[in-house]
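In: My questions are about this predicted structure, shown below with the sequence.
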Amino acid sequence: MLQELKEKVFHANLELVKQGLVIYTWGNVSGIDREKGLIAIKPSGLDYDKMTADDMVVVDLEGNIVEGKLRPSSDTPTHLALYRAFPAIGGVVHTHSTYATAWSQAGLDIPNIGTTHADYFHKDIPCTADMTAEEVRGDYELETGNVIVRRFADIDPTATPAVLVKNHGPFTWGKDPADAVHNAVVLEQVAKMAFIARTINPALTMNPLLIEKHYNRKHGPGAYYGQGKQD
Ligand SMILES: O=C(CO)[C@@H](O)[C@H](O)COP(=O)(O)O
């Protein structure tokens, strides 16, 4: 069942390691088959170098295991909350990549201070608020997803496919697992550049005109970015 999706999710998980976003068994990637309402996700606690596509666990949107001998990622409820709330997404990634996690631990949004950021994330990358005692002591992973969804009440998740969970780490998403990983890689670079830039100049400014210009070059009605069109 879902062999093609399991293969895509498996290779997307391996890409986290290849891109240096995770060590040991940290992080996880999932993908969804919207027609079937089924999700393939990395198994919990398994070394990436021992993992196979067949190890990917298939669950439904309520988290019931439909196929798989292993336990699904401990973050599965968070992934599922995002799939339920954001109907346009096809893949979700969670990592503890260094710079994005540092901004999560600092509890600050990553400000949009550069065109690389604007290309991929449009606005500031939001950090969630503190979780309450009830949320932490309750179904923590599900509540983590709910906190993310509430933080996006007035943010377009398609335009800004990333969030920092305060004191925990980043989640990204995309049209499929590979796109979600791509956004996780760029997020880590943007987090690193923002940290360095603000260290160099705490009083730096961003030209607001560049935000729409760069975002629309890549995503707007006239988007040609990467399609080989000439100026
Ligand atoms: O956020 C965490 C731990 O804080 C998790 O992402 C682990 O880093 C990976 O958990 P599994 O996917 O292996 O259950």
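Out: In hand now; what should we look at?

In: C-alpha only now, for contacts and for neighbours.
Out: OK.

In: which residues of the chain fall in helices?
Out: Remark: helices assigned in the chain by DSSP state H are 3-18, 76-85, 98-106, 115-121, 133-137, 140-151, 177-200, 208-219.

In: Now do the buried residues in the shortest one.
Out: Of all the residues in helix 133-137, those buried under the rule 16 or more other Cα atoms under 10 Å are residue 135.

In: What mean pLDDT does it get?
Out: Helix 133-137 shows a mean pLDDT of 98.

In: Off-centre distance for it?
Out: Its chain's C-alpha centre and that of helix 133-137 lie 23 Å apart, by Cα atoms, centre = their mean, to the nearest Å.

In: nearest residue to the residue nearest in space to the middle of the chain other than its sequence neighbours?
Out: For the chain, residue 172 is the residue whose C-alpha lies nearest the centre (Cα atoms, centre = their mean; 1.0 Å). Closest residue to residue 172 apart from its sequence neighbours, by Cα to Cα, 6 or more residues apart in numbering: residue 162 at 4.2 Å.

In: That neighbour: how many residues sit nearby?
Out: As a burial measure, residue 162 scores 27 neighbours (other Cα atoms under 10 Å).

In: Read off the pLDDT value for it.
Out: 98.

In: ditto for residue 224
Out: 59.

In: try residue 230
Out: Confidence at residue 230, expressed as pLDDT, is 49.

In: likewise residue 175?
Out: 98.

In: hang on, isn't residue 65 packed against residue 58?
Out: Yes: at 6.0 Å, residue 65 and residue 58 qualify as touching, with contact defined as Cα atoms under 8 Å.

In: Looking at these two, which one has more neighbours?
Out: residue 58 (28 against 18).
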